[in-house]
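A.B. asks: A structural model of the following input is requested.
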Amino acid sequence: GSDSKGNITQQVTLNVKESTSCPLDIKNVYGGGNQAEYAPTNASLTSPAVNIIKATIKENVFGGGLGTTALSVSHPTVHVGGTASGETVNVNVSVYGGGSAAPVEGSTSVTVDGNKESVTVHSHVFGGGLGATAKIKKHNGSQGNTDVKIIGEKALLEANVYGGGNAGDVEGNTYVQIGE
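C.D. replies: Coordinates of the predicted model:
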């Protein structure tokens, strides 16, 4: 997403893949903006798309943005897991489909995929967002749902899985699938 001003009107895709030639030092990952709204011209886009392919994230992964003004009028998706051998992922805190204090007008999707290589989430997985203002809302025909999938024998979660948010409401349904 954008920083404190501006809006991206099309697809946002964020791929995080560390390599030996490009070591990463990442505290948090946000698909949405920093205090900036993300409202693509096509609100049915499955965007922002956050893909954590190979990395250690020091804290959290969010599909949405950061802050109460970082509304995402879209359908954030988060995929945590490598696509090939040797692509391990560690998230030291939690994974959220929504934002941090940032609402989503649309539905969210989170997949923790341990089919190819090991994925470790050291705390919780949430379909929604973090904080009372991080609501998942219905909008223009969107149901305001969350969808969480934990798949693959190499997926390790050291805490809990929630279809909803961490203090954030979900106006629609929550779906959780653990295993194939």
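
A.B. asks: Give me the below-cutoff pLDDT ranges for the protein.
C.D. replies: For the chain, the stretches with pLDDT under 70 are 2, 4.

A.B. asks: Tell me where it has helices.
C.D. replies: Using DSSP state H, no helices are found in the chain.

A.B. asks: Give the residue farthest from the middle of it.
C.D. replies: residue 21 (26.2 Å; CA atoms, centre = their mean).

A.B. asks: if you take the average position of this structure, which residue is closest to it?
C.D. replies: Centre-nearest of the chain using CA atoms, centre = their mean is residue 63, 2.8 Å out.

A.B. asks: which ones are touching that residue?
C.D. replies: Applying CB atoms under 8 Å, 6 or more residues apart in numbering to residue 63 gives the contacts 31-32, 48, 50, 72, 76-78, 96-99, 104, 108-110. Heads up, the C-betas are built off the backbone N, CA and C, glycines and all.

A.B. asks: Residue 179 now?
C.D. replies: 150-151.

A.B. asks: Residue 163: what's it in contact with?
C.D. replies: Neighbours of residue 163 in contact, by CB under 8 Å, 6+ apart: 127-128, 146, 148, 170, 174-176.

A.B. asks: Give me the longest strand you can find in this protein.
C.D. replies: For the chain, the longest strand by residue count, based on DSSP state E, is strand 49-57.

A.B. asks: Against which helices or strands is that strand packed?
C.D. replies: strand 13-17, strand 29-30, strand 61-62, strand 77-80, strand 89-91 (3 or more CB pairs under 8 Å, 6 or more residues apart in numbering; DSSP states H and E).

A.B. asks: Just send the contacts of residue 163 back as a markdown table, with neighbour count too.
C.D. replies: Output for the contacts of residue 163, formatted as a markdown table (neighbours: other CB atoms under 10 Å):
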| residue | neighbour count |
| --- | --- |
| 127 | 31 |
| 128 | 31 |
| 146 | 30 |
| 148 | 25 |
| 170 | 26 |
| 174 | 19 |
| 175 | 14 |
| 176 | 16 |
